[in-house]
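A.B. asks: kindly return the folded structure for what I paste below:
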Amino acid sequence: MPQNILLVWIGKIGDFVVSTSFIRALRKRYPDANITVVLSDFVAELAHTVPELDRIIVFPKKKIAKNLFPFLGTYFGKKWDLCIDLNPSRSTSAGWLTRLSGAKRRVSSFNENCEKFYTEMIKVGVNQEHMLEIYKQFAEYFDAGDEFDYKLSITFTGADMAAAGKIFEQLDIKQDEKFAIVHPGNFSKPRSCWAADKFAALTAYLTEHSDFKPVFISGPGESEKVRDVISQSGVSCALAPNMPLPVLAAFLSKASMFIGNSTGTLHIAEAVGVPTLSFNRAYSYDVWRPITPKSVAIKGPEKEVGSIPLEEGVEGLKKLFELNGYNFK
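C.D. replies: Predicted structure coming up:
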């Protein structure tokens with residue numbers, strides 16, 4: 001029975017949120033274990049929303065040269081019984097962190113030519129099955145299959161909600177007002193973005209045919225491009241300021257729906273119970289799409305999402321309304 005468990009995560013925001021289903025199952029199976037996660041600096045603040053974790057070690061991926069030695073001083077010296085590499089794809093950094101942990105058992109999903117990092121490799125359907133199915137296989141491997149469910153979950157604090165409340169006031173969003181969050185971003189991956197003019201047209205359609213107020217959000221460095229989308233829509237829309245991830249989770253939790261590409265904010269919205277409409281490349285649809293029954297995921301070609309017709313987006317929006325009991329004018 002492992003007492004000290006280390007989870008290694010060098011992935012992205014959405015990837016980490018999807019793994020919360022596995023983390024929760026592991027905690028239920030080993031309630032008395034000390035569970036620590038080591039993860040990238042740009043995801044670390046979100047790890048504080050996962051109550052099943054006892055400790056967070058930040059891997060300084062952004063400024064590794066400057067912060068490597070302080071990190072190593074924090075990382076070494078703990079005796080781990082079990083170390084699990086949770087990255088959904090091969091990561092040499094995660095492999096070395098797993099090996100250097102010195103854990104008796106070092107486990108990863110099956111990766112050829114990675115034997116030097118791990119003592120055990122699980123052959124699962126990476127890039128073929130939905131990630132939640134893969135995490136279920138992980139849970140079963142660690143005798144936690146009976147504890148596994150498919151729900152994503154993150155927990156924000158009252159302070160996070162209070163901070164979100166101030167942003168609602170700033171944007172003049174009333175407490176009982178119905179609003180839809182729109183995030184046309186993930187611009188660093190243009191193949192994964194639905195076309196800006198189509199987001200603009202869908203926003204105009206939403207405004208004309210419903211009582212929902214569109215509220216846009218943007219990621220770091222995205223605000224100007226998001227403002228362009230708002231301008232193209234011809235609709236007066238609020239653009240929320242960038243905010244810490246736990247505050248963003250609280251902010252999203254008050255929305256009636258989320259409309260966006262396959263990126264981290266989509267999975268945060270899913271984890272706080274918000275119905276989503278998402279535009280996905282074929283791979284993202286198969287492996288990462290939200291599977292909650294009141295969400296709609298549109299599958300585009302693997303080459304790029306921008307070619308998905310506007311009409312398909314409108315039909316997806318209508319289906320989202322139908323699934324959640326909303327009505328168009």
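A.B. asks: give me the neighbour count for the residue nearest to Thr263 when sequence neighbours are not counted.
C.D. replies: Taking CB to CB, 6 or more residues apart in numbering, and ignoring the residues beside it in sequence, Thr263 has Asn186 as its nearest neighbour in space, at 3.9 Å. The way it works is simple: take the backbone N, C-alpha and C, and place the C-beta from them, glycine included. Using other CB atoms under 10 Å, Asn186 has 23 other residues around it.
A.B. asks: any idea how far Trp80 is from Asn186?
C.D. replies: In this structure, Asn186 and Trp80 are separated by 35 Å, where distance is defined by CB to CB, to the nearest Å.
A.B. asks: could I get the full set of strands for the stretch 101-250 of the chain?
C.D. replies: Counting by DSSP state E, counting those that start in this stretch, the stretch 101-250 of the chain forms strands over residues 105-109, 120-122, 179-183, 213-216, 238-239, given from the N-terminal end onward.
A.B. asks: for Gly306, what are its contacts?
C.D. replies: Applying CB atoms under 8 Å, 6 or more residues apart in numbering, we find Gly306 in contact with 190-191, 193-195, 198.
A.B. asks: which element is it on?
C.D. replies: Element membership of Gly306 [criterion: DSSP states H and E] is none; it lies in no helix or strand.
A.B. asks: any idea how far it is from Ala282?
C.D. replies: Summarising the geometry, the distance separating Gly306 from Ala282, computed by CB to CB, is 14 Å.
A.B. asks: then Ser19?
C.D. replies: Where Ala282 is concerned, Ser19 sits at a distance of 22 Å (CB to CB).
A.B. asks: would you list the strands of the stretch 101-250 of the chain in TSV and tack on mean pLDDT, distance to Ile23 and mean neighbour count?
C.D. replies: Compiled in TSV, the strands of the stretch 101-250 of the chain are given as follows (pLDDT from 0 to 100; distance: least, CB to CB, whole Å; neighbours: other CB atoms under 10 Å):
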stretch	mean pLDDT	distance to Ile23	mean neighbour count
strand 105-109	90	15	21
strand 120-122	89	17	16
strand 179-183	97	25	24
strand 213-216	97	30	22
strand 238-239	96	33	16
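A.B. asks: redo those as a markdown table? Include distance to Thr157.
C.D. replies: Listed next are these as a markdown table, based on distance: least, CB to CB, whole Å:
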| stretch | distance to Thr157 |
| --- | --- |
| strand 105-109 | 32 |
| strand 120-122 | 35 |
| strand 179-183 | 20 |
| strand 213-216 | 22 |
| strand 238-239 | 24 |
